[in-house]
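[1] here's a sequence, model it:
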Amino acid sequence: MWGEARFQDRSEAGRKLAEAILEAGAPSNPVVLALPRGGVPVAYEIATRLRAPLDLLIVRKIGAPGHPEFGIGAVIDGAHPQTVINDEAAAYTGATADYIEQQTQKELAEIDRRRKIYLGDREPVALGGRHVILVDDGIATGGTVRAALKGLRQAGVGSVLLAVPTAPPDVLAALEEQVDRTVCLDTPDRFGSVGAQYMNFEQTTDDEVISLLEKAAAFRR
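    Next comes the predicted model:
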């Protein structure tokens, strides 16, 4: 029998996560990065509690030639966007340097389009040397988070704290090797899905993302 939901909604999960980060010792002068869209309501609570800037980290998959569903890498946005490529997968699928560059530019354009929808003309927070708190509403397989972490390391961040309300214990353990610290509230042995840990797991809308980012910016001002 599956356990009961641990969180009422993403906002409650974010408040609990913020308190857990403070208890563990929050990094100095952090920047909070949310994986949209579901990570934004969680990250908003953390950013306001820690009085830290809130930004997005948009990750776009680079698919293999002829098989776009098979990822060979990803593009991670930011002041200096990063491209992460699985060289073995790229070679296996015949992805040339020209193909990868073409797909990178395509995904950068999509990242720019989405960032403008969510943030208007606001520039990404510069991450070089910063202490980053990377937030999502939960982790299932860890693929997106893994790509995001590699991109952050390439961007030269000072440290990374991965903060999520819930994740499978084996996936979280594998991700711990790529970060400085993790804060996770719930690691059930029988992990069905991220949504199963929430009473309310309705899809986060674009309007909600825009509203929360604006409120976070106003709070900082």
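
[2] what's the distance between the spatially closest residue to R51 that is not a sequence neighbour and A47?
    Using CB to CB, 6 or more residues apart in numbering and skipping residues adjacent in sequence, the residue nearest R51 is R220, 7.4 Å away. For every residue, glycine as well, the C-beta is placed using N, CA and C. R220 sits 8 Å away from A47, taking CB to CB, to the nearest Å as the criterion.

[3] which one of these two has more residues nearby?
    The neighbour count for R220 versus A47, taken as other CB atoms under 10 Å, is higher for A47 (30 against 12).

[4] that one and Q105, how far apart?
    Relative to Q105, and taking CB to CB, A47 is found at 31 Å.

[5] F191 now?
    Distance from F191 to Q105, by CB to CB: 37 Å.

[6] repeat for A174
    Separation of A174 from Q105 (CB to CB) stands at 31 Å.

[7] what about stretch 191-209, start to end distance?
    Stretch 191-209 stretches 27 Å from its first residue to its last (CA to CA, to the nearest Å).

[8] buried stuff in it?
    F191, V194, A196, Q197, Y198, F201, T204, E208, V209 (16 or more other CB atoms under 10 Å).

[9] closest to H131 among these?
    Nearest to H131 among the buried residues of stretch 191-209: V209, at 23.6 Å, using CB to CB.

[10] helices and strands around the host helix or strand of that closest one, which ones?
    Assessed by DSSP states H and E, V209 sits inside helix 206-220. Secondary-structure packing of helix 206-220 (3 or more CB pairs under 8 Å, 6 or more residues apart in numbering; DSSP states H and E): helix 39-50, strand 54-56, helix 97-119.
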